[in-house]
Structures are given as structure tokens and as C-alpha cells.
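Trainee: Below are the sequence and a predicted model; questions follow.
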Amino acid sequence: MRKKLIVVMALGVFAAACNSKKENGVPVVNLEALSAIPLDHSIDTLAKGTAFIDVTLPANARIDELSQQELGLLKAAAYRFYRHVSLEDNQYKVDIKDPKSLHIADQVVTAYEQAITNTNHFADSMAKAGQAIQLPVVNAEYLNNLLK
């Protein structure tokens, strides 16, 4: 189930990257790779806290080129954002009343929202093509995996 979630999220992020303008500083990463790369430091306090997270990456940054510090920031931001994602009627719903409450830079929130939108469109298009897929739930196991 975890692998399905990671693949679906990665597809959403990939689709967002393909459809978005290539702007300097907009973090678009492969969530599968992000959760697979271990950190050499703990991000529990950052991910679960309220310190502001702003991740500015060079254009076309690759996950394997990022520092441990940048990876930690991306994982902490993903943890905060995806805690507010649920699955309803095979569509991901983002329940964030005030994005500022996440204490994450606007462009990071926007990138994750675009990834969710693209994932939902992908699931819809597969269903219309007769190949319906069941999107996996964002659960505690996935979120906790980001903290490692």
C-alpha cells in the first residue's frame, strides 16, 4: 500500500513539473525519492513545529544533488502539508483553511497543491479509460517515513 501511495504522489509531482513554468526557486521533487533518501539528522522538531520553512532550489534541481539540509526542509514541508490530505471518493482533498498556518513558503504549498490536483486528474483519466485505480490513503506510516 505504501509503494502505491509513493508512486501516485510521485506521478502527481512529475505531472506538476511537466505542466509548470520552470521558475527558479519552485521546489518540485519526486516524493518517492524524497521519502527513500535517509537523513543524517532529525527533522521531527522542524516537521512538527511552527518554524517557517522556505525551500529555494535552483532551477532543474535533482534530488541527488541536494544537501542534507535541503532534503530535511523538503521532508519537513511535505510532512506538514500531507497531514492535511485525505482521500474521499478516490480523490485527494486538501483541508487547509489558512495556508499560512502551515508556516511553509507559498510556492512550496502551491507545488504540493498542484501535485494533488494532477494526481486526481490522473486517477480520473484512468477511470474514464476503463482502468480505474484506487488511490491509497495518506497514512501515519507514510508521514512518519518522511521524518527519517
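Mentor: Ah, there it is.
Trainee: Spell out the secondary structure type for the residue lying farthest from the centre of the chain.
Mentor: Distance from the C-alpha centroid of the chain peaks at Gly130, with 27.2 Å (C-alpha atoms, centre = their mean). Classification of Gly130 using DSSP: H, G, I helix; E, B strand; the rest coil returns coil.
Trainee: Where does pLDDT dip in this protein?
Mentor: Applying pLDDT under 70 to the chain flags the ranges 1-33, 58.
Trainee: Test my guess that Tyr112 contacts Tyr79.
Mentor: No: the pair Tyr112 / Tyr79 is not scored as a contact, 11.0 Å apart, by C-beta atoms under 8 Å. C-betas here are computed from N, CA, C, even on glycine.
Trainee: More neighbours: which of these two?
Mentor: Neighbour count, other C-beta atoms under 10 Å: between Tyr112 and Tyr79, Tyr112 has more, with 28 against 21.
Trainee: Grab the nearest non-local neighbour of that one.
Mentor: Phe81 (4.6 Å; C-beta to C-beta, 6 or more residues apart in numbering).
Trainee: Of all the residues in the strand or helix carrying that neighbour, which ones are buried?
Mentor: For Phe81, the host element (DSSP states H and E) is helix 68-82. Burial within helix 68-82, assessed by neighbour count using 16 or more other C-beta atoms under 10 Å, is assigned to 70-82.
Trainee: if we can go back for a sec, list the contacts of the residue farthest from the centre of the chain.
Mentor: With contact set as C-beta atoms under 8 Å, 6 or more residues apart in numbering, Gly130 has no partners.
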